[in-house]
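J.: Quick one, what's the 3D model for this:
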Amino acid sequence: MPESRKHRVAVLMGSESDYPVMKAAEETLEQFGVEADVRVISAHRTPDRLVRFLAEAESEGVAAIICGAGWAAHLAGVTAAHTTIPVLGVPIESSPLQGLDALLATVQMPGGIPVGTLGIGKGGAKNAALLVVAFLARFDPDLSKKLVEFREAQSAKVPERPTA
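T.: You can find the predicted model right below:
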(Lines give C-alpha, C1' and ligand atoms only; values in the text may rest on other atoms or scores of the structure.)
Protein backbone atom coordinates (compact mmCIF):
# COMPACT_ATOMS: atom_id res chain seq x y z
CA MET A 1 0.00 0.00 0.00
CA PRO A 2 1.41 3.47 -0.82
CA GLU A 3 2.49 5.75 1.98
CA SER A 4 -0.32 8.00 3.20
CA ARG A 5 -0.55 11.36 1.48
CA LYS A 6 0.10 14.48 3.49
CA HIS A 7 -3.14 16.31 4.07
CA ARG A 8 -3.52 19.74 5.58
CA VAL A 9 -6.69 20.98 7.26
CA ALA A 10 -7.17 24.43 8.74
CA VAL A 11 -8.86 24.71 12.12
CA LEU A 12 -9.99 28.29 12.68
CA MET A 13 -11.69 29.81 15.67
CA GLY A 14 -13.12 33.25 16.27
CA SER A 15 -11.52 33.70 19.67
CA GLU A 16 -8.73 32.13 21.72
CA SER A 17 -11.37 31.18 24.30
CA ASP A 18 -12.79 28.76 21.68
CA TYR A 19 -9.63 26.65 21.72
CA PRO A 20 -10.72 24.20 24.46
CA VAL A 21 -13.56 23.16 22.12
CA MET A 22 -11.61 23.27 18.85
CA LYS A 23 -8.71 21.34 20.35
CA ALA A 24 -10.91 18.25 19.89
CA ALA A 25 -10.75 18.78 16.11
CA GLU A 26 -6.99 19.33 16.21
CA GLU A 27 -6.36 16.21 18.30
CA THR A 28 -8.62 14.06 16.12
CA LEU A 29 -6.89 15.18 12.93
CA GLU A 30 -3.48 14.51 14.48
CA GLN A 31 -4.65 11.04 15.56
CA PHE A 32 -5.07 10.23 11.86
CA GLY A 33 -1.81 11.89 10.80
CA VAL A 34 -3.59 14.84 9.19
CA GLU A 35 -1.77 18.13 9.68
CA ALA A 36 -3.87 20.70 11.55
CA ASP A 37 -3.08 24.36 10.91
CA VAL A 38 -4.75 25.95 13.96
CA ARG A 39 -5.38 29.70 14.04
CA VAL A 40 -7.44 32.38 15.78
CA ILE A 41 -9.17 34.47 13.13
CA SER A 42 -12.26 36.54 13.81
CA ALA A 43 -14.65 37.32 10.96
CA HIS A 44 -15.56 40.54 12.78
CA ARG A 45 -12.33 41.68 14.45
CA THR A 46 -9.68 40.43 11.99
CA PRO A 47 -11.34 40.27 8.56
CA ASP A 48 -8.13 41.18 6.71
CA ARG A 49 -6.31 38.33 8.47
CA LEU A 50 -9.01 35.95 7.26
CA VAL A 51 -8.73 37.08 3.65
CA ARG A 52 -4.92 36.83 3.74
CA PHE A 53 -5.08 33.38 5.28
CA LEU A 54 -7.55 32.15 2.67
CA ALA A 55 -5.35 33.40 -0.17
CA GLU A 56 -2.49 31.34 1.31
CA ALA A 57 -4.71 28.33 1.99
CA GLU A 58 -5.75 28.10 -1.64
CA SER A 59 -2.16 28.12 -2.86
CA GLU A 60 -0.86 25.80 -0.11
CA GLY A 61 -3.37 23.05 -0.82
CA VAL A 62 -5.50 23.14 2.32
CA ALA A 63 -8.01 20.32 1.83
CA ALA A 64 -10.74 21.59 4.17
CA ILE A 65 -11.39 24.27 6.77
CA ILE A 66 -13.10 23.68 10.11
CA CYS A 67 -14.42 26.88 11.69
CA GLY A 68 -15.53 27.15 15.30
CA ALA A 69 -17.40 30.22 16.49
CA GLY A 70 -19.95 31.25 19.07
CA TRP A 71 -22.51 34.00 19.32
CA ALA A 72 -23.39 35.19 15.80
CA ALA A 73 -20.92 32.61 14.42
CA HIS A 74 -20.15 34.34 11.14
CA LEU A 75 -16.68 32.81 10.73
CA ALA A 76 -17.74 29.73 8.77
CA GLY A 77 -20.05 31.64 6.44
CA VAL A 78 -17.58 34.44 5.74
CA THR A 79 -14.85 31.85 5.18
CA ALA A 80 -17.02 29.89 2.75
CA ALA A 81 -17.89 33.09 0.88
CA HIS A 82 -14.19 33.75 0.22
CA THR A 83 -13.03 30.27 -0.87
CA THR A 84 -14.09 27.15 -2.71
CA ILE A 85 -12.31 24.99 -0.12
CA PRO A 86 -14.95 22.94 1.77
CA VAL A 87 -15.90 24.57 5.08
CA LEU A 88 -17.36 22.85 8.13
CA GLY A 89 -18.83 24.90 10.96
CA VAL A 90 -18.75 24.06 14.65
CA PRO A 91 -21.09 26.13 16.83
CA ILE A 92 -19.58 26.97 20.21
CA GLU A 93 -21.62 27.39 23.37
CA SER A 94 -20.05 30.70 24.45
CA SER A 95 -23.13 32.94 24.55
CA PRO A 96 -26.05 33.27 26.97
CA LEU A 97 -28.01 31.13 24.49
CA GLN A 98 -25.53 28.26 25.06
CA GLY A 99 -24.67 27.84 21.38
CA LEU A 100 -28.18 27.75 19.94
CA ASP A 101 -27.58 31.14 18.31
CA ALA A 102 -24.30 29.89 16.83
CA LEU A 103 -25.97 26.71 15.59
CA LEU A 104 -28.73 28.61 13.83
CA ALA A 105 -26.30 31.15 12.34
CA THR A 106 -24.07 28.37 11.02
CA VAL A 107 -26.73 26.00 9.71
CA GLN A 108 -28.90 28.67 8.05
CA MET A 109 -26.58 29.59 5.19
CA PRO A 110 -28.35 30.91 2.11
CA GLY A 111 -28.40 28.58 -0.89
CA GLY A 112 -25.27 28.84 -3.00
CA ILE A 113 -22.56 29.13 -0.32
CA PRO A 114 -22.65 25.89 1.69
CA VAL A 115 -21.26 25.30 5.15
CA GLY A 116 -21.45 21.80 6.56
CA THR A 117 -22.66 22.24 10.13
CA LEU A 118 -21.83 19.91 13.00
CA GLY A 119 -23.12 19.73 16.55
CA ILE A 120 -22.50 22.29 19.26
CA GLY A 121 -19.27 22.00 21.24
CA LYS A 122 -16.48 19.44 21.54
CA GLY A 123 -18.50 16.60 20.02
CA GLY A 124 -19.14 18.76 16.98
CA ALA A 125 -15.45 19.64 16.71
CA LYS A 126 -14.42 15.99 16.90
CA ASN A 127 -17.07 15.00 14.35
CA ALA A 128 -15.98 17.80 12.00
CA ALA A 129 -12.48 16.34 12.00
CA LEU A 130 -13.82 12.80 11.51
CA LEU A 131 -15.96 13.97 8.60
CA VAL A 132 -12.95 15.59 6.94
CA VAL A 133 -10.97 12.39 7.50
CA ALA A 134 -13.80 10.38 5.89
CA PHE A 135 -13.77 12.68 2.84
CA LEU A 136 -10.00 12.47 2.49
CA ALA A 137 -10.01 8.71 3.05
CA ARG A 138 -12.00 8.22 -0.15
CA PHE A 139 -8.81 9.11 -2.06
CA ASP A 140 -6.16 7.82 0.36
CA PRO A 141 -6.06 4.06 1.07
CA ASP A 142 -3.84 4.44 4.15
CA LEU A 143 -6.15 7.02 5.68
CA SER A 144 -9.13 4.81 4.84
CA LYS A 145 -7.51 1.92 6.69
CA LYS A 146 -6.90 4.13 9.74
CA LEU A 147 -10.55 5.23 9.72
CA VAL A 148 -11.79 1.63 9.55
CA GLU A 149 -9.45 0.67 12.42
CA PHE A 150 -10.65 3.67 14.45
CA ARG A 151 -14.28 2.65 14.01
CA GLU A 152 -13.55 -0.99 14.83
CA ALA A 153 -11.70 0.03 18.01
CA GLN A 154 -14.54 2.35 18.95
CA SER A 155 -17.06 -0.48 18.48
CA ALA A 156 -14.93 -2.90 20.51
CA LYS A 157 -15.17 -0.59 23.53
CA VAL A 158 -18.96 -0.91 23.70
CA PRO A 159 -20.00 -3.82 25.94
CA GLU A 160 -22.81 -6.10 24.79
CA ARG A 161 -24.39 -5.98 28.24
CA PRO A 162 -24.27 -3.47 31.06
CA THR A 163 -21.42 -4.07 33.47
CA ALA A 164 -22.84 -2.28 36.50
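
J.: does Thr79 sit in a helix, a strand or a coil?
T.: Of the three states, Thr79 takes helix according to DSSP: H, G, I helix; E, B strand; the rest coil.

J.: Show me what stretch 144-151 is in contact with.
T.: 1, 4, 31-33, 130, 133-134, 137-138 (CB atoms under 8 Å, 6 or more residues apart in numbering). To be clear about C-beta, it is placed using only N, CA and C from the backbone, and glycine gets the same treatment.

J.: Ends of stretch 105-112, what's the gap?
T.: End-to-end span of stretch 105-112 (CA to CA, to the nearest Å): 16 Å.

J.: any idea how far that stretch is from the chain center?
T.: 16 Å (CA atoms, centre = their mean, to the nearest Å).

J.: Could you do stretch 23-38 as well?
T.: Distance, stretch centre to chain centre, for stretch 23-38: 9 Å (CA atoms, centre = their mean).

J.: do the same with stretch 73-82
T.: Distance, centroid of stretch 73-82 to centroid of chain: 13 Å (CA atoms, centre = their mean).

J.: Which residue ranges of the chain form helices?
T.: 19-31, 47-59, 75-81, 100-107, 122-137, 141-156 (DSSP state H).

J.: Redo these as a markdown table? Include distance to Ala10.
T.: Below are these laid out as a markdown table (distance: least, CB to CB, whole Å):
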| stretch | distance to Ala10 |
| --- | --- |
| helix 19-31 | 10 |
| helix 47-59 | 6 |
| helix 75-81 | 9 |
| helix 100-107 | 16 |
| helix 122-137 | 10 |
| helix 141-156 | 18 |
